[in-house]
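In: missing the sequence, but the structure's below:
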């Protein structure tokens, strides 16, 4: 009988179970095979490759197989037949751009949970009109403390949470009415833009979100909500014309113009109120620059924020 040689197959997680089979040959089993068998060859014990165990969660030293373009390059020298080589997956490192610190991820998760719970309960008990200024706040806090990527994650996780708790309609309403506008606010404030830029742009984002919410509601409810809006606006304009003594009937173009005008007016007033509220509230949040909102000096003096209020110079 021909002599038998031990061939150790390299693996990231060594395993020396007694029942090693051909399907588990990449687990690091010790297999005995004859030298004359096709596809096998003798490997001196000094050249047996033993790979280190991968570090936890993939953060740290990467596998020696990474960066190789062919199986022969991935296999260390003297590691056995090419069929026994294991190709490892690419591992994340701390230099990967989309990896945030653990503390930041935990804070984003808490902010997303708070936003989702607040939005779900407020819509459930029909008190969402009273908390309209609080829904964008967690996304803005994440943007102020950790940047735009963290705020985007808060908005996305909140949307997914609302999708599970309240369904797709309310999740879409949050994204269109609050999430997109809050992200745009945080991005603009991170760039230190003035209110002459942030207010119109954020109002435009919210206006587009209102029409997108109406379109999505029409799709989900299988009812043309836009037509209902136009009908209500037509009745309002007709009543106004009757009160002023006019006999002219409003046209469709005039109805749409008035609808867009009132939506823009609503968005401008809402965003302006948010700017004033957040100029006061964000000063009480830790880890945020007191001048993050970049309020004009006249607005600071009207609102009474430092240095014009709370014992500061007047």
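Out: Cool, got the structure. From a predicted model like this one, the values you see are computed outputs, not experimental measurements.
In: which stretches of the stretch 51-200 of the chain have low pLDDT?
Out: Confidence mapping of the stretch 51-200 of the chain against pLDDT under 70 gives the ranges 51-98.
In: 50 instead, please
Out: Of all residues in the stretch 51-200 of the chain, those with pLDDT under 50 make up the ranges 51-89.
In: any chance you could map the helices in it?
Out: Taking DSSP state H, counting those that start in this stretch as the criterion, the stretch 51-200 of the chain contains helices spanning 71-74, 102-124, 137-146, 148-165, 168-174, 180-190, 195-221.
In: want to throw these into CSV with distance to residue 270 and mean neighbour count?
Out: Every C-beta, even on glycine, is put in place using the N, C-alpha and C of the backbone. Listed next are the helices of the stretch 51-200 of the chain as CSV, based on distance: least, Cβ to Cβ, whole Å; neighbours: other Cβ atoms under 10 Å:
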stretch, distance to residue 270, mean neighbour count
helix 71-74, 57, 13
helix 102-124, 16, 17
helix 137-146, 14, 24
helix 148-165, 18, 20
helix 168-174, 15, 20
helix 180-190, 9, 23
helix 195-221, 7, 17
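In: right, and those helices - which one's nearest residue 287?
Out: Put simply, out of those the one that sits nearest residue 287 is helix 137-146, at 5.0 Å, with distance taken as Cβ to Cβ.
In: looking just at contacts, which helices and strands does the closest one meet?
Out: Packing contacts for helix 137-146, counted by 3 or more Cβ pairs under 8 Å, 6 or more residues apart in numbering; DSSP states H and E, involve helix 102-124, helix 148-165, helix 180-190, helix 252-281.
In: any chance of these in a markdown table, with distance to residue 171 too?
Out: Conversion of these to a markdown table gives the following (distance: least, Cβ to Cβ, whole Å):
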| stretch | distance to residue 171 |
| --- | --- |
| helix 102-124 | 9 |
| helix 148-165 | 4 |
| helix 180-190 | 13 |
| helix 252-281 | 20 |
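In: mind giving me the domain ranges of this protein?
Out: 1-99, 102-303 (automatic domain parsing).
In: List the contacts of the closest residue to residue 131 other than its chain neighbours.
Out: In this structure, residue 131 finds its nearest non-sequential neighbour in residue 122, 4.9 Å apart by Cβ to Cβ, 6 or more residues apart in numbering. Shown in contact with residue 122 (Cβ atoms under 8 Å, 6 or more residues apart in numbering): 128, 130, 131.
In: coming back round to it: dump the helices of the stretch 51-200 of the chain to a markdown table, plus distance to residue 279.
Out: Formatted as a markdown table, the helices of the stretch 51-200 of the chain follow (distance: least, Cβ to Cβ, whole Å):
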| stretch | distance to residue 279 |
| --- | --- |
| helix 71-74 | 57 |
| helix 102-124 | 20 |
| helix 137-146 | 12 |
| helix 148-165 | 18 |
| helix 168-174 | 24 |
| helix 180-190 | 11 |
| helix 195-221 | 9 |
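In: thought residue 275 was touching residue 199?
Out: Yes - between residue 275 and residue 199 a contact is recorded at 6.3 Å, counting by Cβ atoms under 8 Å.
In: how far away is residue 104 from residue 139?
Out: According to Cβ to Cβ, to the nearest Å, residue 104 and residue 139 sit 14 Å apart.
In: One more: residue 127?
Out: 20 Å.
In: Likewise for residue 133?
Out: When distances are taken as Cβ to Cβ, residue 133 and residue 139 turn out to be 13 Å apart.
In: what does residue 205 give?
Out: Separation of residue 205 from residue 139 (Cβ to Cβ) stands at 13 Å.
In: With residue 290 instead?
Out: With the distance defined as Cβ to Cβ, residue 290 ends up 20 Å from residue 139.
In: before we move on, what about residue 298?
Out: On the measure of Cβ to Cβ, residue 298 and residue 139 end up 27 Å apart.
In: tally of neighbours for residue 246?
Out: Burial of residue 246, expressed as a neighbour count using other Cβ atoms under 10 Å, amounts to 11.
In: and if you look at the one 10 residues further on?
Out: The number of residues packed around residue 256, counting by other Cβ under 10 Å, is 14.
In: show me what contacts it?
Out: Remark: with contacts taken as Cβ under 8 Å, 6+ apart, residue 256 is in contact with residue 230.
In: What's the per-residue pLDDT of it here?
Out: Among the per-residue scores, residue 256 holds a pLDDT of 87.
In: From residue 281, how far off is residue 142?
Out: The spacing between residue 142 and residue 281, counted by Cβ to Cβ, is 15 Å.
In: Hmm, I typed the wrong one, I wanted residue 153.
Out: For residue 153, the distance to residue 281 - Cβ to Cβ - is 22 Å.
In: List the contacts of residue 260.
Out: By Cβ under 8 Å, 6+ apart, residue 260 lies in contact with residue 207.
In: how far away is it from residue 208?
Out: In this structure, residue 260 lies at 11 Å from residue 208, with Cβ to Cβ as the measure.
In: ditto for residue 215
Out: 11 Å.
In: try residue 146
Out: 26 Å.
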